[in-house]
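> Structure of the sequence below:
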Amino acid sequence: MKGELKMKSKMKWVGLFGLVLSAFSIFIHFLLARFTQMGAAEFESSITIFSWRPIFEKPIPPTNSPSHRRLWGPVKRLESLYPDSNPQGNYADPVSQTNGFIFVRIRGGFHEIRNSICDVVVVARLLNATLAMPEILSTTSSKGISSQFKSFAYLYNEEQFVLSLAKDVTIVRTLPKDLKGARRKKEIPVFRVPYSASPFYYFHHVLPVLKSHSVVELVVSEGGCLKATLPPDFEEYQRLRCRVSFHALKFRQEVEELSSKILQRLRAPGRPFIAFDPGMTRESLAYHGCAELFQDVHTELIQHKRSWMLKRGIVKGKLSINSADERLKGSCPLMPEEIGTLLRAYGYSRDTIIYVSGGEVFGGQRTLIPLHSMFENVIDRTSLSTPWEMIRLYGQEVKLVESPGPPPFTEEVTKRAAWKNAGPRPRPLPPPPARPKSYNIEGWWGWVAESDNEPDSTVMELRTNAHKLLWEAIDYVICVEADVFIPGFDLDGKGHPNFASLVMGHRLYQSATSKTFRPDRKEAAKLLDEIRQHMHHANHTWLESVRRHLTKTLLDGIIEASSKSKLQSFLSHPVPECSCLRRDSFEVSKNSSSPSTSQLWKALSVTRRCPAWMDSSPISLSKDKESEEVVEEDDSVSELFFGQSAENHEGDAEVNNKEENQFEDQEDEGGDR
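Okay, here's the model as predicted:
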């Protein structure tokens, strides 16, 4: 017995010694890895528990090099444009005695909710009404979501919303008890507000009812209940929209914290990154007739949705449309491989970090395979977060069990009984009872061609719709803060500006100089078709055309948005109402040899000068130094489009240097006009 005890004791000590030795060896391994050539940033990324393992082929170019400035640097022509949404002139605080309460229910996706909230705040100010906290139907219709987040607070920070707008609108958390009871009994008047209603609609239809009943309920379902462009006398209400969207609408703390963590992980390698929003949803593809961009069941799904839209009057026209013609007209989104080709042609190397945003990319990950083949570091939200971080974001949700269907008919019960009681007989047995169908939004849609109506959303699908709001909130923060942003599509399933448009408007307001490409899809489709059959033999003329086009969209895209997107969504282009010009920028434009700066401000209608306290940082007066510097040829671009090594292009280096300098000059001068 004593011998056995001694042996067990020795085995325990040996095991303990082995564990200590293993822990010590792991510590030494990490310690040595920290001082390798990877550097501290790569070390931190290499030991993360996320699925993304960054692959970098080249060192980071110096930030002061012309090549780096062309790819990642600010848009100099916009450095005088500053955000300024503060009230101008006489702007009174909200009075204590209002005309009544406005309760709002909002339907739609992320961008529709955000547009609608800004509109209803302006409507409450117009009608001198007290606004009850808006209700987001995407959350209230979901089953089993966490009870700690209700409706508005599921997505946004209620306290920030109320405090930020204290001098604009009186906001209450809920309606008074008597009005809440009347609402439950459906005794208060309800308005299903039309899309893009004018202020006079509210003055002539809603205001009289509000005064007589002291409360009205508004149902907003089209992504906006007020015209995007208001008369000049309503300019203060436009600035109020900016204060709501860009200052008051902050996401709840858990969303903000996770967004910050993902941003830190993105920037850990110490490199800038591109945010890309595909904008490819089934609804948008169906609305614009782009079914033939896909194959097999995906085309059928798009056509089925278009048929559904035609029957309900959402879209007008024919069911079958030539998608190739629509693509050449610029009505269809640019596919991920097309965006990748444009970015590579512009000069972004293979190891560039590209963050793919969007709650849904129609076609799934298969659609992104070509983009992955062009860039090593294509990632998304799921690559930079852990499952338990997302669970913490959702909160304590109720475990869902799909409810059983209605009780079977008597005939079906009889069939089941006959099946169970049937013995060994020579005649064939009756067929087994039919299995209940389960529809999975991620799988094969078995209902296509079986019914003209789409199946009702399951309980899990309703919950997923609520989760998508949180996913897109994270993507929104990252896209706004990205070094470069490029959209694949800027319209939604109703022809209105979508998520990408909101991002571009926010970037224009918050930091106008941030690089935001707005490719002209019609022009881009022509450029891409030129080399579709011989991509690996594209010439320098084509590369120059692509670079000139993308450089031109940095400014011309903003001017185009002022005449197109702004007419449908003010937040997609909050200029000039929510912007001002630095005072010393006028002196710069006078000293400039080219009148392009003054032409730009004239095209954007920006005439208001910023307050004196904003004139703190200097504006660069010289724009000629960059064009004198020499830029080395980007070999990665040559390898992609020519399939040859850089040695075969040594004779073209001088030509490329001239092209780089030319692009620098074009960006400084605002592109060809």
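
> drop to CA atoms for contacts and neighbour counts, all remaining ones
Noted.

> immediately after the host helix or strand of residue 460, which helix or strand?
Element membership of residue 460, judged by DSSP states H and E, is helix 459-481. Downstream of helix 459-481, the next assigned helix or strand under DSSP H and E is strand 484-487.

> dump the residue contacts of residue 247.
residue 164 (Cα atoms under 8 Å, 6 or more residues apart in numbering).

> A helix includes it, no?
Yes. Residue 247: assigned to a helix according to DSSP: H, G, I helix; E, B strand; the rest coil.

> mind checking pLDDT for it?
Residue 247 carries a pLDDT value of 96.

> Quick check, pLDDT for residue 107.
For residue 107, the model assigns a pLDDT of 92.

> next one: residue 647
Taking residue 647 on its own, its pLDDT is 40.

> same question, the one 4 residues further on
At residue 651, the pLDDT value in this model is 40.

> Can you name the residues in contact with the helix holding residue 460?
By Cα under 8 Å, 6+ apart, helix 459-481 touches 109-110, 138-139, 141-145, 155, 251, 255-256, 258-259, 263, 275-276, 357-359, 381, 394, 400, 402, 441, 485, 503-504, 506-507.

> Which ChimeraX command selects the buried ones in those residues?
The buried residues among these can be selected in ChimeraX (16 or more other Cα atoms under 10 Å) with this line:
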select :109,110,138,139,142,143,144,145,155,251,255,256,258,259,263,275,276,357,358,359,381,394,485,503,504,506,507
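
> Narrow the contacts of helix 459-481 to those in strands?
Under the assignment DSSP state E, the contacts of helix 459-481 contribute 275-276, 485 to strands.

> coming back round to it: what mean pLDDT does the helix holding residue 460 get?
Across helix 459-481, pLDDT averages out at 91.

> Stretch 298-306 now?
Mean predicted confidence for stretch 298-306 is 88.

> which other residues reach that stretch?
Contacts for stretch 298-306 (Cα under 8 Å, 6+ apart): 282-283, 285-287, 289-293, 315, 319-320, 363, 448, 452.

> lowest average confidence, helix or strand, in this structure?
Of all helical and strand segments in the chain, the minimum by mean pLDDT, DSSP states H and E falls on helix 625-628, at a mean of 36.

> and the gap between the nearest residue to residue 321 once chain neighbours are set aside and residue 151?
Of all residues not flanking residue 321 in the chain, residue 289 sits nearest, at 5.7 Å (Cα to Cα, 6 or more residues apart in numbering). Distance, residue 289 to residue 151, using Cα to Cα, to the nearest Å: 34 Å.

> ranges for the strands of this structure?
Under DSSP E, the chain gives strands at 81-83, 101-106, 130-132, 135-136, 171-172, 190-192, 215-220, 273-277, 353-356, 377-379, 484-487, 515-516, 579-581.

> As TSV, those with distance to residue 306 would be great.
Supplementary listing: those in TSV, determined by distance: least, Cα to Cα, whole Å:
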stretch	distance to residue 306
strand 81-83	40
strand 101-106	24
strand 130-132	37
strand 135-136	26
strand 171-172	40
strand 190-192	24
strand 215-220	23
strand 273-277	23
strand 353-356	26
strand 377-379	31
strand 484-487	23
strand 515-516	31
strand 579-581	40
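
> out of the contacts of stretch 298-306, which are buried?
Buried members of the contacts of stretch 298-306, scored by 16+ other Cα under 10 Å, are 282-283, 285-287, 289-293, 315, 319, 363, 448.

> Mind putting these into CSV with distance to residue 496 and pLDDT?
Below are these laid out as CSV (distance: Cα to Cα, whole Å; pLDDT from 0 to 100):
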residue, distance to residue 496, pLDDT
282, 15, 91
283, 12, 92
285, 13, 93
286, 14, 93
287, 11, 94
289, 15, 92
290, 16, 92
291, 19, 90
292, 22, 87
293, 21, 86
315, 12, 89
319, 20, 88
363, 22, 80
448, 27, 54
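
> Which pair of these spans the longest distance?
The span of the buried ones among the contacts of stretch 298-306, defined through Cα to Cα, is set by 315 and 363 at 22.3 Å.

> can I assume the residue nearest to residue 321 is in contact with residue 318?
No. At 9.0 Å, residue 289 does not count as touching residue 318 under the criterion of Cα atoms under 8 Å.

> And the helices in the stretch 301-450 of the chain?
Remark: helices assigned in the stretch 301-450 of the chain by DSSP state H, counting those that start in this stretch are 323-328, 336-346, 369-374, 387-394, 410-421.

> Can you say which of those is packed in most?
Burial of these is given as mean neighbour count (mean count of other Cα atoms under 10 Å); helix 336-346 ranks first at a mean of 21.

> State the mean pLDDT of that helix.
Rounded mean pLDDT across helix 336-346 is 94.

> quick one, that helix and strand 273-277 angle?
On the basis of axes from the mean of the first three to the mean of the last three Cα atoms, to 10 degrees, helix 336-346 is oriented at 150 degrees to strand 273-277.

> Show me what helix 336-346 is packed against.
helix 369-374, helix 540-563, helix 635-642 (3 or more Cα pairs under 8 Å, 6 or more residues apart in numbering; DSSP states H and E).

> Which residues does that helix contact?
278, 350, 367-368, 370-371, 374-375, 488, 528, 543, 546-547, 550, 637, 640.

> Who are the contact partners of residue 153?
Residues near residue 153 by Cα under 8 Å, 6+ apart: residue 252.

> what about it, distance to residue 387?
Note on residue 153: its distance to residue 387, by Cα to Cα, is 22 Å.

> Provide a list of residues in contact with residue 398.
144-146.

> Go again with 7 Å.
If a contact means Cα atoms under 7 Å, 6 or more residues apart in numbering, then residue 398 has 144-145 as its contacts.

> Kindly report the same for residue 365.
Applying Cα under 7 Å, 6+ apart, no residues qualify as near residue 365.

> and with 10 Å instead?
Residue 365 makes contacts with residue 372, as judged by Cα atoms under 10 Å, 6 or more residues apart in numbering.

> Please report how far it lies from residue 306.
For residue 365, the distance to residue 306 - Cα to Cα - is 23 Å.

> follow-up on the earlier one: by pLDDT, give me the weakest of the contacts of helix 336-346.
For the contacts of helix 336-346, the pLDDT minimum is residue 637, 56.

> domains in this structure, as residue ranges please.
101-250, 255-280+333-391+458-570, 580-611 (the TED database).

> Which residue, other than its chain neighbours, is closest to residue 392?
Among residues not flanking residue 392 along the chain, residue 254 sits closest, at 7.9 Å (Cα to Cα, 6+ apart).

> For residue 599, see how far away residue 224 is.
In terms of Cα to Cα, residue 224 sits 32 Å off from residue 599.

> Settle it for me: which of the two has more neighbours?
residue 224 (27 against 13; other Cα atoms under 10 Å).
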